[in-house]
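Participant: Below are the sequence and a predicted model for it; my questions follow.
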Amino acid sequence: MSSQDIDNDAILDSTIAKKRSNSEATEYPRRRATIACQICRLRKTRCNGARPRCQLCVDLDADCVYREPGIKLDAGDKLIIEKLNRIEVLLQSKFSDPIGQSPLSSNSSTAANLVHISSDDADNRGGPWLMGKSTDKHFNHA
């Protein structure tokens with residue numbers, strides 16, 4: 001096979017691909033039922049989506065039942081919902097515990113461990129807040 005034959009094959013392949021993409025663009029996409037009824041789903045047949053009964057269920061004199069579609073979530077949505085659920089559980093446990101018995105309140109509370117440092121120290125330490133280090137003179141010891 002010569003290089004001329006290879007070039008001709010490449011040109012032919014690209015021409016066929018262009019023809020396919022042009023013809024596909026002019027064709028209308030097939031019309032689909034948004035959801036198939038349970039009978040059509042079980043039989044793996046095409047459902048026309050007619051309500052209250054699709055054509056197959058009319059022909060079979062069967063009950064035509066449509067399952068309502070659920071909400072489709074992507075991975076980011078699922079993470080957000082998962083974190084929101086955790087926050088709700090924390091809030092519920094916080095408000096259901098008697099005052100002073102919450103797991104978040106203790107002798108050395110989280111707020112007491114977070115101490116604001118002067119702006120000069122913040123530049124040297126990477127931020128205005130430190131958590132739980134007792135070597136700084138600005139810490140409030142409970």
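Facilitator: On my side now, so go ahead. In this text the structure is predicted, and so the values were computed from the model without any measurement.
Participant: Can you mark which positions in stretch 66-78 are buried?
Facilitator: Tyr66 (16 or more other CB atoms under 10 Å). C-beta here means a position set from N, CA and C on the backbone, and glycine is covered the same way.
Participant: State the distance spanning the first to the last residue of that stretch.
Facilitator: 26 Å (CA to CA, to the nearest Å).
Participant: which outside residues touch that stretch?
Facilitator: Contact with stretch 66-78 is made by Thr34, Ile35, Cys37, Gln38, Arg51, Ile81, as judged by CB atoms under 8 Å, 6 or more residues apart in numbering.
Participant: most surrounded residue in those?
Facilitator: Most neighbours among the contacts of stretch 66-78, by other CB atoms under 10 Å: Cys37, with 26 neighbours.
Participant: one step back: farthest-separated two in the contacts of stretch 66-78?
Facilitator: The largest separation in the contacts of stretch 66-78, counting by CB to CB, is between Arg51 and Ile81 at 31.3 Å.
Participant: follow-up on the earlier one: filter the contacts of stretch 66-78 down to just the ones in helices.
Facilitator: Mapping the contacts of stretch 66-78 onto helices (DSSP state H) picks out Gln38, Ile81.
Participant: burial of Cys64, as a residue count?
Facilitator: 19.
Participant: I figured it hits Ile35, correct?
Facilitator: No. Judged on CB atoms under 8 Å, Cys64 makes no contact with Ile35 at a distance of 11.8 Å.
Participant: Pretty sure Gln55 sits against Asn48.
Facilitator: Yes. Counting by CB under 8 Å, Gln55 touches Asn48, with 5.0 Å between them.
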